[in-house]
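[1] fold the following for me, if possible:
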Amino acid sequence: MASMPLIKFLLERYPERQIVVTTMTPTGSERVKSLFGDSVFHVYLPYDLPGAMARFIKRIDPALLLIMETELWPNLLHKCRKAGCRTMLVNARLSEKSARGYRRLGPLTRTMLGDLDIIAAQAAPDAERFLALRARPAQVEVTGSLKFDMKTPELSGRVSPVFYQVAQLGRPVLVAASTREGEEEKVLAAFRVCLARVPDLLLVLVPRHPERFNSVARLCEDQGFTVLRRSSDSGADTDTQVFLGDSMGEMWNYYFLGSVAFVGGSLVDMGCHNVLEPAALGLPVLVGPSRFNFETICNLLQEAGALITVADEQDLAQQLLQLLGNDSWRKAMGKAGKQVVASNRGCLQRLSALIEARLAEADSAVGKSVTDV
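    Modelled structure (predicted):
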């Protein structure tokens with residue numbers, strides 16, 4: 001999802017080039033197909049073994065390799081370098097926790113970083129960590145996060161009537177998005193506390209992985225909640241307590257229903273997920289203490305008054321009750337979040353100049369096609 005603005009730019013700017021998008025999971029594969037159809041070529045990235053990667057690079061014959069965020073694989077980078085392919089790490093982020101892991105690899109990390117032409121970091125702290133790992137200063141540029149350049153969609157007639165029907169109930173809605181294993185129990189505990197004070201509160205619960213949809217539905221039912229699954233295409237009513245988001249590619253629609261958003265992967269130690277989507281829609285954002293994947297962005301939103309970090313499920317319930325009881329505070333947080341997103345756009349424009357230069361270098365050596373990974 002973070003790569004979507006970049007891939008769309010590449011398709012428009014370089015229509016004559018073949019773009020290859022690789023993923024590692026079936027879920028990623030489905031997202032590529034639903035977002036881009038036949039406009040890109042999708043393939044699973046091979047395991048990072050020398051022989052497999054050498055055959056892959058020989059077959060694809062890329063001019064430019066764009067790696068998203070921190071997916072650094074030594075054989076992939078080495079084989080690309082050996083084949084004369086230019087390499088860029090874009091939307092690059094590096095938490096302190098990840099930096100410690102890379103430091104333990106010592107020479108291997110320095111070799112991997114040395115095989116990169118450009119490291120386009122999301123923020124100054126990310127750039128500083130790459131430099132501390134011995135990346136060359138000339139390699140590293142701060143370009144911002146592509147996530148700020150996302151386009152906020154509008155609901156249209158193509159949206160399932162289920163979402164309209166839920167919105168028309170006029171109930172306060174907590175959207176708990178991208179929750180991970182062990183996290184739903186904590187969200188449900190906080191939700192139960194809130195129901196005692198706000199009995200018409202609706203929980204929109206969207207687990208991160210589709211293979212967990214059934215188990216999360218059972219968990220909610222076992223705890224005595226009245227559950228409606230998105231996949232049922234049935235309308236919610238005043239008795240529905242949990243609207244389970246068991247669908248893919250509809251996260252914006254779930255957020256459109258919200259009064260407040262909790263972003264998962266943060267009450268368990270998974271580093272948090274994308275907090276910018278709810279912020280872009282003007283929702284107050286709550287996260288747990290594990291934020292290392294989005295630390296810089298969380299800090300930006302928190303300093304602007306758009307995000308609150310809670311310590312645990314008890315704190316989550318307390319903050320939710322305060323927000324649900326204060327319309328002006330919710331609106332102020334939502335407005336602040338929108339302003340943060342708007343003021344940090346521009347990463348794509350900065351990346352485009354770097355990509356143009358790398359492709360010019362590649363084309364001056366040998367005619368090839370652009371590859372995005």
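
[2] going forward, measure contacts and count neighbours with C-alpha atoms only.
    OK.

[3] how many residues are close by residue 322?
    12 (other Cα atoms under 10 Å).

[4] and it, what pLDDT?
    For residue 322, the pLDDT comes out at 98.

[5] repeat for the one 3 residues further on
    According to the model's per-residue confidence, residue 325 sits at a pLDDT of 97.

[6] any idea how far residue 243 is from it?
    As defined by Cα to Cα, to the nearest Å, residue 325 lies at a distance of 22 Å from residue 243.

[7] neighbour-wise, which of those two wins?
    residue 243 (23 against 13).

[8] the spatially closest residue to residue 221 that is not a sequence neighbour pairs with what?
    Using Cα to Cα, 6 or more residues apart in numbering and skipping the chain neighbours, the partner closest in space to residue 221 is residue 227 (6.6 Å). Assessed by DSSP bridges, residue 227 has beta-bridge partners residue 242.

[9] residue 227 reaches residue 245, doesn't it?
    No. Contact criterion Cα atoms under 8 Å: residue 227 and residue 245 do not qualify, at 10.6 Å.

[10] more neighbours: the two, which one.
    Neighbour tally, residue 227 and residue 245, criterion other Cα under 10 Å: the higher count belongs to residue 245, 26 against 19.

[11] correct me, but that one touches residue 208?
    No. Using Cα under 8 Å, residue 245 makes no contact with residue 208, being 9.6 Å away.

[12] near residue 182, how many other residues are there?
    For residue 182, using other Cα under 10 Å, the count is 11.

[13] okay, the closest residue to it other than its chain neighbours: pLDDT?
    Nearest non-adjacent residue to residue 182, counting by Cα to Cα, 6+ apart: residue 268, 7.0 Å away. pLDDT, residue 268: 98.

[14] quickly find the element holding residue 268.
    Per DSSP states H and E, residue 268 falls between elements, in no helix or strand.

[15] wouldn't it be in contact with residue 292 here?
    No. Contact criterion Cα under 8 Å: residue 268 and residue 292 do not qualify, at 11.7 Å.

[16] any idea how many residues pack against residue 242?
    Residue 242 has 25 nearby residues by other Cα under 10 Å.

[17] quick one: residues contacting it.
    202, 203, 204, 205, 220, 225, 226, 227, 228 (Cα atoms under 8 Å, 6 or more residues apart in numbering).

[18] mark which of those are buried, thanks.
    202, 203, 204, 205, 220, 225, 227, 228 (16 or more other Cα atoms under 10 Å).

[19] can I get those residues in TSV including distance to residue 38, pLDDT and secondary structure?
    Listed next are these as TSV, based on distance: Cα to Cα, whole Å; pLDDT from 0 to 100; DSSP: H, G, I helix; E, B strand; the rest coil:
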residue	distance to residue 38	pLDDT	secondary structure
202	38	98	strand
203	36	98	strand
204	33	98	strand
205	32	98	strand
220	38	98	helix
225	42	98	coil
227	37	97	strand
228	34	96	strand
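
[20] and those, which is closest to residue 282?
    Of all those, residue 282 sits closest to residue 204, with 16.9 Å by Cα to Cα.

[21] for the closest one, give me its contacts.
    173, 174, 175, 176, 177, 242, 243, 244, 245, 254.

[22] give me the mean pLDDT for the lengthiest helix in the chain.
    Ranked by residue count under DSSP state H, the longest helix found in the chain is helix 347-365. The average pLDDT within helix 347-365 is 91.

[23] using PDB, write out every CA atom in that helix.
    Only the C-alpha atoms of helix 347-365 are listed here, as PDB (Å, rounded to 0.1, in the frame of the first residue of the first chain):
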ATOM      1  CA  CYS A 347       8.100  12.700  -1.000                       C
ATOM      2  CA  LEU A 348       7.100  11.400  -4.400                       C
ATOM      3  CA  GLN A 349       8.300  14.500  -6.100                       C
ATOM      4  CA  ARG A 350      11.700  14.300  -4.400                       C
ATOM      5  CA  LEU A 351      12.000  10.500  -5.200                       C
ATOM      6  CA  SER A 352      11.100  11.100  -8.900                       C
ATOM      7  CA  ALA A 353      14.200  13.200  -9.400                       C
ATOM      8  CA  LEU A 354      16.400  10.500  -7.800                       C
ATOM      9  CA  ILE A 355      14.800   7.800  -9.900                       C
ATOM     10  CA  GLU A 356      15.200   9.800 -13.100                       C
ATOM     11  CA  ALA A 357      18.900  10.200 -12.400                       C
ATOM     12  CA  ARG A 358      19.500   6.500 -11.700                       C
ATOM     13  CA  LEU A 359      17.600   5.500 -14.800                       C
ATOM     14  CA  ALA A 360      19.600   7.900 -16.900                       C
ATOM     15  CA  GLU A 361      22.800   6.300 -15.500                       C
ATOM     16  CA  ALA A 362      21.500   2.800 -16.300                       C
ATOM     17  CA  ASP A 363      20.300   3.700 -19.800                       C
ATOM     18  CA  SER A 364      23.600   5.300 -20.700                       C
ATOM     19  CA  ALA A 365      25.300   2.000 -19.900                       C
END
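
[24] what packs against it?
    Counting contacts by 3 or more Cα pairs under 8 Å, 6 or more residues apart in numbering; DSSP states H and E, helix 347-365 is packed against strand 62-68, strand 86-92.
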